[in-house]
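Q: Kindly return the folded structure for what I paste below:
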Amino acid sequence: MKPIAHFDATLLAMLRCPETRQTLALASPELIARLEGERVAGTLRNRAGQVLAEPLAEGLVRADRAMFFPVREGIPLLLAEEAVHLSH
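A: Residues are numbered from 1 along each chain as shown. Take a look at the predicted model:
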């Protein structure tokens, strides 16, 4: 899997949430670890209601910190139904 640490900063600055148009930022390793723990426990679901089956290694977070968008093989899944709601 391509590491997000090499994600192009110019591209990241252009990306927006598909619903709110808010900016996106790289998810912290702590957030990834928390979400991966929930995924392993079988409790992490996306907005479409599907349990996430693939391991989470990277992702983007909406500016308001309410949504997480997984990144698969270096490609952000910027579809509203793929987003994971982040509880505070």
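Q: May I ask you to name the longest strand in the protein?
A: Counting residues, the longest strand in the chain under DSSP state E turns out to be strand 67-72.
Q: gap between it and the chain center?
A: With C-alpha atoms, centre = their mean, to the nearest Å as the basis, strand 67-72 stands 2 Å off its chain's centre.
Q: quick one: contacts of it?
A: 1, 4, 7, 17, 24, 27, 31, 35, 52, 54, 56-62, 76-78, 82-86 (C-beta atoms under 8 Å, 6 or more residues apart in numbering). Using the backbone N, CA and C atoms, a C-beta is placed for each residue, glycine as well.
Q: quick one: buried residues of that strand?
A: Neighbour counts over strand 67-72 (16 or more other C-beta atoms under 10 Å) mark 67-71 as buried.
Q: measure stretch 11-28 end to end?
A: 18 Å (C-alpha to C-alpha, to the nearest Å).
Q: Just give me how far that stretch sits from the chain centre.
A: Here stretch 11-28 is found 10 Å from its chain centre; the criterion is C-alpha atoms, centre = their mean.
Q: Quick check: buried residues in it?
A: For stretch 11-28, by 16+ other C-beta under 10 Å, it's 17, 23-24, 26-27.
Q: Okay, helices next: where are they in the chain?
A: Taking DSSP state H to define them, one finds helices in the chain at 9-14, 29-41.
Q: Show me what the longest one is packed up against.
A: In terms of contacts (3 or more C-beta pairs under 8 Å, 6 or more residues apart in numbering; DSSP states H and E), helix 29-41 is packed against strand 59-62.
Q: Need the residues that contact the strand it packs on.
A: Here strand 59-62 has contacts from 4, 12, 15, 17, 20, 22-27, 31-32, 35, 67-71, 76, 78, 83, 86, using C-beta under 8 Å, 6+ apart.
Q: roughly how far is that strand from the heart of the chain?
A: 4 Å.
Q: what's near enough to touch the nearest residue to R65 once chain neighbours are set aside?
A: For R65, ignoring the flanking residues on the chain, the nearest one in space by C-beta to C-beta, 6 or more residues apart in numbering is L86 at 6.1 Å. The contact partners of L86, by C-beta under 8 Å, 6+ apart, come to 31, 61, 65-68.
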